[in-house]
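**Student:** Generate coordinates for the sequence data below:
(2 chains)
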Amino acid sequence: MINIKKLRDEIDAVENALATRGYALDKDLFINLEKERKVLQVEVESLQSERKSLSNEFGKLKSQGKETDELKVNIDKINNKLKDKDSTLQTILEKINIFLLDIPNIPHESTPIGLNQDNNVVIKKYGDNLSTNSVDHLDITSNIDTELAAKLSGSRFSVLKGDIAKLQRALISFMLDTAIKNGYEEYYVPFMANKDSLTGTGQLPKFEEDLFKTTENLYLIPTAEVPLTNIHRDSLIDQNKLPIKLTSHTPCFRSEAGSYGRDTKGLIRQHQFEKIELVEVVEAKNSMDALNGLLNNAEEILQLLELPYQVVELCTGDIGFSACKTFDIEVWMPSQNTYREISSCSNFSDFQARRANIKIKTHSGKDLAHTINGSALAVGRTLIAILENKYDGSKEITLPQALKPYIENLTISI
RNA sequence: GGAGAGUUGGCUGAGUGGUCGAAAGCGCCUCCCUGCUAAGGAGGUAUAUGGGUAACUGUAUCGAGGGUUCGAAUCCCUCACUCUCCGCCA
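**Tutor:** Just a heads-up that it's a prediction; the model follows:
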């Protein structure tokens, strides 16, 4: 949620900043709602004040055994007026709240301006041995079985078997251990989250259709960002406890509504996939440095896995709803002859902290925290990147040395 | 699933209809005292939001929502969550 004060004081600046990400702020709507709100709020509050003092008087008269009928008539009058005005005020406030929840974060000044992904900026390329293998992962191995998954569940699921299943397990352990080595504390968290949590991190109310809803109150998490960030929802964190660095491996569930026909083949886009997530809660002044650090931590995984990648600085039109700044890491995917997103590292500034009420206690007061997070990494995509980049036409693949502690044999059969 | 007890400020915890935004303690801040430390003393210290250039001041908030009442932390209803015991169970 953006700061309503900022919206009141600098609405033109906010409008312009949001326009760079393709969001048309309905300025007139807001200004009119605010105008109404102001008048009504003043009326309601002065009526409440009046009632309060008359009620006190009522109590005094009563205790002295004096006549209260006349006073009660007056109070009733006020109460009637109040009831009317207050319900109108509540309606206005609700409209303002809905309006605010719909507004995306304001892009950071360093985020390149541009309306879509064509304006993203590649800022780094790593690894120059770009494989030209054109065989895709489903053809490389029969141990990724999407047809079987279709029988069990439906489209956009997969079954992993044998060495491939082991490889996934090895990757998960490797990534978690790397995160721990980099100072993140490992968590095991629920894979279902409530509405408050999803509102806190920004998935709700706007993106409900992207989520799987299980019961009245629970949704399958689309990323571990949701539980990890919400660990600190509604809390006041001591400044000296910062930075807070958390990691978790979870499955992630996404409905992929609206992506019909995109990446239908293989492991690229699934309803369920494994991911290791890094989350940090930091002070405002440190959040950009923290984002860079987190990005380095994610890159390190790819380097250790000997995978070529590039880092892309997303432009204003391509960053996510809650983010003010995002770097994507894209891994070389030979069969597609292109780089594909394998991690997304974002700074959310105080956007999530305001929604989730995450504050920092400093010696001079309380400040909203900044939250950042990123994948390190999406496991399924990492797995297929290894397969496709290491494939040499034989029935075996030799895994990078970094995985040695995590799997009994670095040469696996496919 | 059954029975019961709870949910109050940064924390612990008092408060069963008005004088309660809320005792007390802890923590924190400022100052005093002491050669340093420890101990001690005085004062301050919730959040959100409105109005106002400001000084200042209004309102709301005691898990959430509704109700009773002139007036609700306090009484009633619904819901969520926590804890205890019983049952069941990986």
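**Student:** List the residue ranges of the stretch 151-300 of chain A that fall below the pLDDT cut-off.
**Tutor:** A:215-216 (pLDDT under 70).
**Student:** Strands along that one, start to end?
**Tutor:** A:159-160, A:185-187, A:192-194, A:218-220, A:235-238, A:244-253, A:272-282 (DSSP state E, counting those that start in this stretch).
**Student:** One more: the stretch 301-414 of chain A?
**Tutor:** A:309-313, A:325-333, A:338-347, A:358-362, A:365-368, A:370-378, A:396-398, A:411-413.
**Student:** Quick one: list the elements packing against the second one.
**Tutor:** Looking back up the chat, that one is strand A:325-333. helix A:287-304, strand A:309-313, strand A:338-347, helix A:379-390 (3 or more C-beta pairs under 8 Å, 6 or more residues apart in numbering; DSSP states H and E). From N, CA and C alone the C-beta is placed, and that goes for glycine too.
**Student:** Just checking the distance from it to the centre of its chain.
**Tutor:** 16 Å (C-alpha atoms, centre = their mean, to the nearest Å).
**Student:** Also the fourth one?
**Tutor:** Offset of strand A:358-362 from its chain centre (C-alpha atoms, centre = their mean): 20 Å.
**Student:** circling back to that earlier point, compare the strands of the stretch 301-414 of chain A and give me the one nearest RNA strand B.
**Tutor:** strand A:365-368 (5.3 Å; C-beta to the nearest atom of the strand).
**Student:** Just the buried residues of that closest one, please?
**Tutor:** By 16 or more other C-beta atoms under 10 Å, the buried positions in strand A:365-368 come out as A:367, A:368.
**Student:** same question, stretch A:343-360
**Tutor:** Neighbour count says stretch A:343-360 has A:343-356, A:358-360 buried, by 16+ other C-beta under 10 Å.
**Student:** circling back: let me know which of the helices and strands packed on strand A:325-333 is tucked in deepest.
**Tutor:** When you average the neighbours per residue for each of the helices and strands packed on strand A:325-333 (mean count of other C-beta atoms under 10 Å), helix A:379-390 leads with a mean of 24.
**Student:** the inter-axis angle of that helix versus helix A:287-304?
**Tutor:** 40 degrees (axes from the mean of the first three to the mean of the last three C-alpha atoms, to 10 degrees).
**Student:** And chain A, what are its domain boundaries?
**Tutor:** A:26-102, A:117-413 (automatic domain parsing).
**Student:** any idea how far the last one is from the chain center?
**Tutor:** On the basis of C-alpha atoms, centre = their mean, the separation between the geometric centre of domain A:117-413 and that of its chain is 11 Å.
**Student:** close to RNA strand B, is it?
**Tutor:** Yes. Applying C-beta under 7 Å from any atom of the strand, one finds domain A:117-413 touching RNA strand B at A:217, A:236, A:361, A:363, A:365, A:366.
**Student:** what's near enough to touch residue A:206?
**Tutor:** With contacts defined as C-beta atoms under 8 Å, 6 or more residues apart in numbering, residue A:206 is in contact with A:101, A:102, A:321.
**Student:** show me the contacts for the residue lying closest to the last one once chain neighbours are set aside.
**Tutor:** The shortest distance from residue A:321 to any residue other than its chain neighbours is 4.6 Å, reached at residue A:104 (C-beta to C-beta, 6 or more residues apart in numbering). Residues touching residue A:104, when contacts are defined by C-beta under 8 Å, 6+ apart, comprise A:18, A:21, A:23, A:321, A:322.
**Student:** before we move on, what SS does residue A:104 have?
**Tutor:** coil (DSSP: H, G, I helix; E, B strand; the rest coil).
**Student:** and it, backbone torsions?
**Tutor:** The phi/psi pair for residue A:104 (degrees, to the nearest 10) reads phi -70, psi 170.
**Student:** Find me the pLDDT at it, would you?
**Tutor:** At residue A:104, the pLDDT value in this model is 94.
**Student:** So what sits opposite the residue lying closest to residue A:188 once chain neighbours are set aside in the bridge?
**Tutor:** Counting by C-beta to C-beta, 6+ apart, residue A:188 lies nearest to residue A:248, which is 6.7 Å off, once chain neighbours are set aside. Residues in a beta bridge with residue A:248, per DSSP bridges, are residue A:187, residue A:277.
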